[in-house]
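Colleague: I'd like to go over a predicted model; first the sequence, then the structure.
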There are 2 protein chains.
Amino acid sequence: MVTGPRASRAEATRALILAAAERLFAERGVAAVSNRQIGEAAGQGNTAVVGYHFGAKEDLVRAVVRRHTTRIEGLRAEALAATEGSSDVRDWVDCLVRPMTDYLDGLGPPTWFARFHAQLTTEPAYREIVTQESLSSPALLATAEGLDRCLPDLPAEVRLERGDMTRLLLVHVCAARERALAEGAPTPRTTWDATATGLVDALVGLWLAPAAAPATTEGDRA
Amino acid sequence: MVTGPRASRAEATRALILAAAERLFAERGVAAVSNRQIGEAAGQGNTAVVGYHFGAKEDLVRAVVRRHTTRIEGLRAEALAATEGSSDVRDWVDCLVRPMTDYLDGLGPPTWFARFHAQLTTEPAYREIVTQESLSSPALLATAEGLDRCLPDLPAEVRLERGDMTRLLLVHVCAARERALAEGAPTPRTTWDATATGLVDALVGLWLAPAAAPATTEGDRA
């Protein structure tokens, strides 16, 4: 194992590359950005440096994601510990939403992660990377179970679809706010905290909404 | 103007190219697909044919979007005419959701438009194309106004953010269902109609949810 000045120089280079990659991916699109452009933006003279440190683009994308998800998982675990035992839907929705908005708040401004992340979820070539990362979050799974326990009468398919909707809204509301901030466009709320409050209010309504169509009548109009 | 067999042959070629482009964009990602690949998938021997008919990639993307939005706008106008005068939130949410789900239902299976469309909304290089298209939909604007009239007491910023959330959910719930169908993965609901019902149920709850944080206390926790 390489240690000392050489190892810490390599670490610093990796950090520069990850930061440059994330910014370019968010601003121009993951598929549109080359390793060479990332190397240049990271101030590296040797254009092979990105491949040397990270291998294929998919591995670089995964490394950018991990840099964040590890820390977000820590915030999720803290929120979960503070929420355990609650039977209030709002507490659990808070526990789903605030680790992400607090994390973005703490990072920036400016931030790039929310746009980058949202892009990955819709991009066929990279989607699996973020899906794997979120499926492997023990705190996120435990939070979803906590919310489920507050709503024992909700039919299984409604629970599933509202879980999907919650994840979609969290990802894309954060990305939309980050994009508006980057473009100097107006935002409905002035802070990440107020954005979280607005999203939690809406999601509590979404989860508590009666399910008008029981599963047995599904497809009647199809 | 060219008419007769030559014009209709050109029309047929354009239709083949648009269909191939949409499928490849949805399956592999807009940025990852070349004009040459689209030409080949459309069965065209001449690899310059895509550029000849559509110009730059951005113009091709816009043409694929328009092929759908023109028809969706027709469905939106019909739904609007049937809903005018209602003061029921559910009727207006139905009016926002069902033109899209009914359209996808009528197209397929399989469909590619929902994934392609969702991808464009998160892709920096192409995002503006779909934003322009939806901002220029008179029926969509009139429907949003109809919903607003049912909820006169909702603060302006809450109205804005819930409007954004509604658009995000519509786009990404449809894309998620389409993706699951394409991959043979399980879906919470068995039909597009039941998917619409589940989404409408949830959105009615979202719109009717009390706004816990008045605008004046925004940022207190920031």
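Modeller: Yep, that arrived. Values in this document were obtained by computation on a predicted structure and should not be read as measured data.

Colleague: packing partners for the helix or strand of chain A with the lowest mean pLDDT?
Modeller: Sorting the helices and strands of chain A by mean pLDDT, DSSP states H and E puts helix A:127-135 at the bottom, at a mean of 83. Contacts defined by 3 or more CB pairs under 8 Å, 6 or more residues apart in numbering or on different chains; DSSP states H and E place helix A:127-135 against helix A:57-83, helix A:113-122. Any C-beta I mention is one placed from the backbone N, CA and C, and that applies to glycine too.

Colleague: Between those helices, which one is closest to chain B.
Modeller: Chain B lies closest, by CB to the nearest CB, to one member of these: helix A:113-122, at 4.5 Å.

Colleague: quick one: the closest one to chain centroid distance?
Modeller: The chain centroid and the centroid of helix A:113-122 are separated by 7 Å, computed with CA atoms, centre = their mean, to the nearest Å.

Colleague: What of stretch A:4-21?
Modeller: 24 Å.

Colleague: I'd like the average pLDDT over it.
Modeller: Mean per-residue pLDDT for stretch A:4-21: 88.

Colleague: do it and chain B meet?
Modeller: No. On the criterion CB under 8 Å from any CB of the partner chain, stretch A:4-21 is out of touch with chain B, staying 14.5 Å away.

Colleague: Just the buried positions in that stretch, please.
Modeller: A:13, A:14, A:16, A:17, A:18, A:19, A:20, A:21 (16 or more other CB atoms under 10 Å in any protein chain shown).

Colleague: Residues in contact with that stretch: which ones?
Modeller: The contact list for stretch A:4-21, computed with CB atoms under 8 Å, 6 or more residues apart in numbering or on different chains, reads A:1-2, A:33, A:38-39, A:41-44, A:49-50, A:53-54, A:60-61, A:63-64, A:67.

Colleague: Let's see that with 6 Å instead.
Modeller: Residues from elsewhere that reach stretch A:4-21, judged by CB atoms under 6 Å, 6 or more residues apart in numbering or on different chains: A:38, A:41, A:42, A:50, A:53, A:60, A:64, A:67.

Colleague: in chain A, which ranges drop under the pLDDT threshold?
Modeller: A:1-3, A:213-222 (pLDDT under 70).

Colleague: burial count for the closest residue to residue A:49 other than its chain neighbours?
Modeller: Excluding the flanking residues, the one nearest residue A:49 by CB to CB, 6 or more residues apart in numbering or on different chains is residue A:39, at 5.1 Å. Residue A:39: 24 surrounding residues under other CB atoms under 10 Å in any protein chain shown.

Colleague: Only C-alpha atoms, please: export the strand or helix carrying residue A:39 in CSV.
Modeller: Secondary structure assignment for residue A:39, by DSSP states H and E: helix A:35-41. In CSV, the C-alpha atoms belonging to helix A:35-41 read as follows (Å, rounded to 0.1, in the frame of the first residue of the first chain):
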residue,chain,number,x,y,z
ASN,A,35,-13.1,12.0,-19.3
ARG,A,36,-10.8,14.5,-21.1
GLN,A,37,-13.2,17.4,-20.2
ILE,A,38,-13.3,16.3,-16.6
GLY,A,39,-9.5,16.0,-16.4
GLU,A,40,-9.2,19.5,-17.8
ALA,A,41,-11.8,21.0,-15.4
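
Colleague: Would you indicate which residues of it are buried?
Modeller: A:35, A:37, A:38, A:39, A:40, A:41.

Colleague: And stretch A:206-214, by the same measure?
Modeller: Taking 16+ other CB under 10 Å as the criterion, stretch A:206-214 shows A:206, A:207, A:208, A:209, A:211, A:213 as buried.

Colleague: Would you enumerate the residues in contact with the fifth one?
Modeller: Each residue near residue A:211 by CB under 6 Å, 6+ apart is listed here: A:158, B:201.

Colleague: switch the cut-off to 7 Å
Modeller: With contacts defined as CB atoms under 7 Å, 6 or more residues apart in numbering or on different chains, the neighbours of residue A:211 are A:154, A:155, A:158, B:201.

Colleague: Same check on the first one?
Modeller: With contacts defined as CB under 7 Å, 6+ apart, the neighbours of residue A:206 are A:162, A:165, B:202, B:205, B:206.

Colleague: Can you lay out the residues you listed as CSV showing secondary structure?
Modeller: Formatted as CSV, the contacts of residue A:206 follow (DSSP: H, G, I helix; E, B strand; the rest coil):
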residue, secondary structure
A:162, helix
A:165, helix
B:202, helix
B:205, helix
B:206, helix
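
Colleague: What residue spans form the domains of chain A?
Modeller: Domain ranges of chain A: A:1-55, A:56-210, per automatic domain parsing.

Colleague: Would you tell me which one of those domains is buried the most?
Modeller: Comparing those by mean neighbour count (mean count of other CB atoms under 10 Å in any protein chain shown), domain A:56-210 ranks first with a mean of 19.

Colleague: quick one: it to chain centroid distance?
Modeller: That offset, for domain A:56-210, works out to 6 Å (CA atoms, centre = their mean).

Colleague: Before I go, just wanted to say thanks for your time.
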